[in-house]
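S.K.: just to be clear, the model below is a prediction. Sequence and coordinates:
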Amino acid sequence: EDKVVQSPLSLVVHEGDTVTLNCSYEVTNFRSLLWYKQEKKAPTFLFMLTSSGIEKKSGRLSSILDKKELFSILNITATQTGDSAVYLCAVESGGSNYKLTFGKGTLLTVNP
Amino acid sequence: AAGVIQSPRHLIKEKRETATLKCYPIPRHDTVYWYQQGPGQDPQFLISFYEKMQSDKGSIPDRFSAQQFSDYHSELNMSSLELGDSALYFCASSFKGYNSPLHFGNGTRLTVT
């Protein structure tokens, strides 16, 4: 059974701190790993990672994948209160019929 | 840019009633996924469609069915509703031909009383 594990489950930081969120996975026929940010409603797409060692960046957010050790990290630097959300890691796997398996998410709270 | 559209946004039903949720994918997206997210839970995959054919099935109860129509919109039909069906139901779409991520709609919040 495909498995995606995120850590920590919850994190509370102060504005300006840097955080690292972790995602490890065990899946059959890995295709890609995705990070989503979920506030009140729909998960919004952040990054899609398919190759090891290539960092993706968007503003203060960055992410990298290690396909040998089967994990990814999401970094957020200079955190702001607007970064408070649940960050979901999902892994796309399978052959012709593929699916997305989500982790439980990391609840990030950024206090002013 | 156009996003995934879901309707209705909120739905309140009684036990044993039926409900139909609709999803309109992003234009040119050919794959639709349905997810159920309970309070404080991660999204659970229900079912997916590619080019109007069911492509994968997850933890979808037998009381639920879904289909994708010729215009690529999808409907999730839920019958004999139970209290435990109360959840946020997300639809997501992607273009399967390329390595494209799923984009989610804002969800339908179903409350069964």
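M.R.: That came in fine, so what should we check first? Numbers count the residues shown, from 1 in each chain, chains lettered A, B, ... in the order given.
S.K.: surely A:Ala42 and B:Arg109 touch.
M.R.: No - using C-beta atoms under 8 Å, A:Ala42 makes no contact with B:Arg109, being 11.5 Å away. Placement of C-beta: from N, CA and C, glycine included.
S.K.: got any ranges where chain A has weak pLDDT?
M.R.: Within chain A, the set of residues satisfying pLDDT under 70 comprises A:95-98.
S.K.: what residues does it put near chain B?
M.R.: Counting by C-beta under 8 Å from any C-beta of the partner chain, the residues of chain A close to chain B are A:31-32, A:34, A:36, A:41-45, A:48, A:50, A:88, A:90, A:94, A:96-105.
S.K.: apply 6 Å and report the result again.
M.R.: Within chain A, the residues that sit near chain B (C-beta under 6 Å from any C-beta of the partner chain) are A:34, A:41-43, A:45, A:48, A:97, A:99, A:102, A:104-105.
S.K.: next one: B:Gly105 relative to A:Ala78, how far apart?
M.R.: Taking C-beta to C-beta, to the nearest Å as the criterion, B:Gly105 is separated from A:Ala78 by 31 Å.
S.K.: okay, now the spatially closest residue to B:Arg9 that is not a sequence neighbour: neighbour count?
M.R.: Sequence neighbours aside, B:Thr108 is the residue nearest to B:Arg9 in space, at 6.4 Å (criterion: C-beta to C-beta, 6 or more residues apart in numbering or on different chains). B:Thr108 is surrounded by 22 other residues when neighbours are defined as other C-beta atoms under 10 Å in any protein chain shown.
S.K.: I'd assumed B:Gln6 was in contact with B:Thr108.
M.R.: Yes - assessed by C-beta atoms under 6 Å, B:Thr108 is found in contact with B:Gln6 at 5.3 Å.
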